[in-house]
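A.B. asks: sequence and predicted structure, then a few things I'm wondering about:
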Amino acid sequence: MLAENRHAYIISVIFVGEFNPVIVQPFWLASKGLIKEEEAESANVEVIHNELVRYSLEWASIQITRNRFEIRSTQQAYFEPLKDLAASVFEVLRETPLRAVGINHIRHYTISEKQYRDLGDTLAPFKNWKGALEDPQLLKVEMLQKNSDGTSYRIRIQPSDYLKAPFSFMINLNDHTPAVPTAGRISPAMQIVAAFKTRWRSSSLYADQVEDTIEKLIKS
């Protein structure tokens, strides 16, 4: 199974909006009860600046700019705490102007040379390039599905930028949810957080479905 050849699984959650980066520092998280004080003390702080804040905890990394808030983890055991921390930050900062959230499932695999080349040939048949290329090889393929509720799925398959082994590739599924105008009292931030929490489980299941689809293509 393709899952058995998966050597890394990264989740990255990206909120798009308007942020004041210097607010969300490790000790601020601790002061709000979102992480333990010892986690704040041991945080590896790289940058604290009005335009950029970047630091890492033992199980997650956080980067904030004026228009982008990202939290990611490479440790699957901490994916649920990552979700809870991401949601809790904006439940505290509930007036933050959020415009969208993306849940990114990034999975890296190593397969055989034949499987690697056959997958490329299946996704973008090499015969279609006869006469233009002597030895075509697929570098990247990207697919987009727009849903009726305004959400979308974007799937990108390309060589792994994480694994160094030959014939490694990655599947990056982006589950995108934009804010939508509402007549009620709910703020854009709370709307986005609610959608994020609702889609968390289905997003993971969809990533599994995509993985199963690629596995079938490899076996065909």
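C.D. replies: Thanks, I have the structure now. Numbers count the residues shown, from 1 in each chain.

A.B. asks: assign L138 to helix, strand or coil.
C.D. replies: coil (DSSP: H, G, I helix; E, B strand; the rest coil).

A.B. asks: ok, it - contacts?
C.D. replies: For L138, the contacting residues are L119, G120, D121, L123, A124, by Cβ atoms under 8 Å, 6 or more residues apart in numbering. (Each C-beta comes from the backbone N, C-alpha and C, glycine too.)

A.B. asks: helix/strand/coil for the third one?
C.D. replies: Per three-state DSSP, the local secondary structure of D121 is helix.

A.B. asks: burial count for it?
C.D. replies: Neighbourhood size, D121 [other Cβ atoms under 10 Å]: 15.

A.B. asks: tell me which element the spatially most central residue of the chain is part of?
C.D. replies: Centroid-nearest residue in the chain: N104, 1.9 Å away (criterion: Cα atoms, centre = their mean). Here N104, judged by DSSP states H and E, is contained in strand 98-110.

A.B. asks: now I71
C.D. replies: Under the criterion of DSSP H and E, I71 resides in strand 68-73.

A.B. asks: right, and the helix or strand after that strand?
C.D. replies: Downstream of strand 68-73 (by DSSP H and E), the next one is helix 79-92.

A.B. asks: what lies in contact with that next one?
C.D. replies: Applying Cβ under 8 Å, 6+ apart, the contact partners of helix 79-92 are 11, 13, 15, 24, 29, 32, 34-35, 59-60, 69, 71-73, 96, 98, 189-190, 192-193, 196-197, 200.

A.B. asks: buried residues in that helix?
C.D. replies: For helix 79-92, a neighbour-count test (16 or more other Cβ atoms under 10 Å) marks F79, L82, K83, L85, A86, A87, S88, V89, F90, E91, V92 as buried.

A.B. asks: send the alpha carbons of it over as CSV?
C.D. replies: Taking Å, rounded to 0.1, in the frame of the first residue of the first chain, the C-alpha atoms of helix 79-92 are listed here in CSV:
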residue,chain,number,x,y,z
PHE,A,79,-2.2,17.1,14.8
GLU,A,80,-5.2,17.3,17.1
PRO,A,81,-3.4,19.7,19.5
LEU,A,82,-2.3,21.7,16.5
LYS,A,83,-6.0,22.1,15.5
ASP,A,84,-7.0,23.0,19.0
LEU,A,85,-4.2,25.6,19.3
ALA,A,86,-4.9,27.2,15.9
ALA,A,87,-8.6,27.5,16.7
SER,A,88,-8.0,28.8,20.2
VAL,A,89,-5.7,31.6,19.1
PHE,A,90,-8.5,33.1,17.0
GLU,A,91,-11.2,32.3,19.6
VAL,A,92,-9.2,34.7,21.8
